[in-house]
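*Asks:* Model the structure of this input:
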Amino acid sequence: MGSEGPKRVVVHVSGFKKFQGVAENPTEIIVSNLRGFVEKRGLSAGLILGNCDVLETAGDGARPALYKAMESGISATGSNGNEQVVWLHLGVNSAAVKFSVERRAVNEATFRCPDELGWQPQQRLIVPDDGGITRARKTCCSIEAILKILKNRGYDAAISDDAGRFVCNYVYYHSLRFAEEKGHKSLFVHVPLFSRIDEETQMRFVAYLLEAIAATC
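*Replies:* Below you'll find the model as predicted:
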């Protein structure tokens, strides 16, 4: 027999800890407080907030922890034919003044500074089996539709085709690959510092982002 009932969307969210030049990462605060924030507001029917993980701002050395978090997310919620799993990753762009929805990640790690575990690769393949450093993986989320919803809510956001070559791109590339293998979706969004857009506004933005993801799945 086929599964019955309306489709539900489970969104697992991750952020990052501090790193060089950013002593207080806004995504750590957002993700740490997100569950309590959305529980007070409520979520639309069929939308479930899954795991909320804060990752070390590191590449290769933190990769096992990334995959452990993603595997535990699957185990925690289970899976059925009426469920769409989405991996939402939040990272900070300290130079940004608006939110950026990242369309893709590329198979290159070139870190401008050492990560939090001391690794600083230069033009290194993230996944050697995927080909060269020009190989890109794109999200299958409906980012144009997501952006339209966010703009209708009054948020200054844009689509980006360059997630950089630092840890954000590294994690996004692995997540996109993992999502493709599992039949899930993955999305990365860069946020500004709280000095540019305050914490309360960013919390509301992420709550609406969850709703926009669910509405477009």
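*Asks:* Residues contacting the helix-or-strand element of the chain with minimal mean pLDDT, please?
*Replies:* None of the helices or strands of the chain scores lower by mean pLDDT, DSSP states H and E than helix 63-77, at a mean of 85. The contact list for helix 63-77, computed with C-beta atoms under 8 Å, 6 or more residues apart in numbering, reads 10, 12, 14, 48, 50-51, 53, 55-56, 83, 85, 87, 171, 174-175, 178, 182. (Each C-beta comes from the backbone N, C-alpha and C, glycine too.)
*Asks:* Next secondary structure after it?
*Replies:* Beyond helix 63-77 on the C-terminal side, the first helix or strand identified by DSSP states H and E is strand 83-92.
*Asks:* which residues of this protein fall in strands?
*Replies:* Listed in chain order, the strands of the chain (DSSP state E) span 8-16, 47-55, 83-92, 99-102, 104-106, 108-109, 124-125, 136-138, 157-160, 185-191.
*Asks:* Buried residues in stretch 142-161, which are they?
*Replies:* Of the residues in stretch 142-161, 142-143, 146-147, 149-150, 155, 157, 160 count as buried by neighbour count, 16 or more other C-beta atoms under 10 Å.
*Asks:* pLDDT (mean, whole number) over that stretch?
*Replies:* What stretch 142-161 shows for mean pLDDT is 98.
*Asks:* Likewise for stretch 32-48?
*Replies:* pLDDT averaged over stretch 32-48 gives 96.
*Asks:* now do the same end-to-end measure for it.
*Replies:* Length of stretch 32-48, first residue to last, C-alpha to C-alpha, to the nearest Å: 16 Å.
*Asks:* ok now it, how far from the chain's centre?
*Replies:* Remark: stretch 32-48 is offset 17 Å from the chain centroid, using C-alpha atoms, centre = their mean, to the nearest Å.
*Asks:* hmm, who's touching that stretch?
*Replies:* The contact list for stretch 32-48 (C-beta under 8 Å, 6+ apart) reads 6-11, 13, 15, 49, 52, 54, 77, 203, 206-207, 210-211, 214-215.
*Asks:* what do you get if the cut-off is 10 Å, keeping everything else the same?
*Replies:* 5-13, 15, 30, 49-54, 77, 82-86, 90, 199-200, 203-204, 206-208, 210-211, 213-215, 217 (C-beta atoms under 10 Å, 6 or more residues apart in numbering).
*Asks:* how much does the least confident helix or strand of the chain deviate in direction from strand 47-55?
*Replies:* Angle between the axes of helix 63-77 and strand 47-55 is 160 degrees (criterion: axes from the mean of the first three to the mean of the last three C-alpha atoms, to 10 degrees).
*Asks:* how big is the angle separating helix 63-77 from strand 83-92?
*Replies:* Using the same axes, to 10 degrees: helix 63-77 against strand 83-92 is 140 degrees.
*Asks:* Go ahead and measure how far helix 63-77 is from the middle of the chain.
*Replies:* Taking mean C-alpha positions (C-alpha atoms, centre = their mean), helix 63-77 and its chain are 14 Å apart.
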